[in-house]
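Colleague: structure for the following, please:
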Amino acid sequence: MSLYNVFDISATGMTAQNVRLNTTASNISNANTISSSQDKTYRARHPVFAAELTKASSSQSNPQGSSVGVKVLGIVESDKPLQIEYNPNHPSADENGYIYKPNVNVVEEMANMISASRSYQTNVQVADAAKQMLSKTLLLGQR
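Modeller: From the prediction side, this is the model:
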């Protein structure tokens, strides 16, 4: 595997963590919304990732092969139950007096955000280390 593939892997990792950060931010921003029906209530969303290991092994025999790293398969809604609260005086209450709140746990989302931020930072450091190694390799030829 070429040292240049490290940049591809690091870049896909940063892209994946960016999606994770954006999804987490969306969950946190909608954590306190209220709805009058289960169908209209915001549900927590989570990205799904996959490693592209099969492409990594094929790229050794084919240097022009497709990129390696992390692939974002999509974003799925959480299947946790919604928070249902009896509050007949609330303006958004349904005909039975219930309001519906999202299934977002803000503490879990904050931990997820910290984890995604640190993973993003690690990918930046990996790319920087690869850049420094390539620089030092080029300097070897000058002596």
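Colleague: in stretch 87-99, which residues are buried?
Modeller: Of the residues in stretch 87-99, 93, 98-99 count as buried by neighbour count, 16 or more other Cβ atoms under 10 Å. No exception for glycine: its C-beta is placed from N, CA and C like everyone else's.
Colleague: show residues contacting that stretch.
Modeller: 34-37, 84-86 (Cβ atoms under 8 Å, 6 or more residues apart in numbering).
Colleague: closest to His46 out of the buried residues of stretch 87-99?
Modeller: Ile99 (24.2 Å; Cβ to Cβ).
Colleague: out of the buried residues of stretch 87-99, which are inside strands?
Modeller: 98-99 (DSSP state E).
Colleague: can you redo the buried residues of stretch 87-99 as TSV with distance to Gly74 and pLDDT?
Modeller: Output for the buried residues of stretch 87-99, formatted as TSV (distance: Cβ to Cβ, whole Å; pLDDT from 0 to 100):
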residue	distance to Gly74	pLDDT
Ala93	34	92
Tyr98	31	95
Ile99	30	95
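Colleague: just to revisit the earlier point, of the contacts of stretch 87-99, select the buried ones using a ChimeraX command.
Modeller: Those of the contacts of stretch 87-99 that count as buried under 16+ other Cβ under 10 Å are selected in ChimeraX with:
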select :34,35,36
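Colleague: let me have the contacts of stretch 87-99 in JSON lines, adding secondary structure as columns.
Modeller: Formatted as JSON lines, those follow (DSSP: H, G, I helix; E, B strand; the rest coil):
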{"residue": "Ile34", "secondary structure": "coil"}
{"residue": "Ser35", "secondary structure": "strand"}
{"residue": "Ser36", "secondary structure": "coil"}
{"residue": "Ser37", "secondary structure": "coil"}
{"residue": "Ile84", "secondary structure": "strand"}
{"residue": "Glu85", "secondary structure": "strand"}
{"residue": "Tyr86", "secondary structure": "strand"}
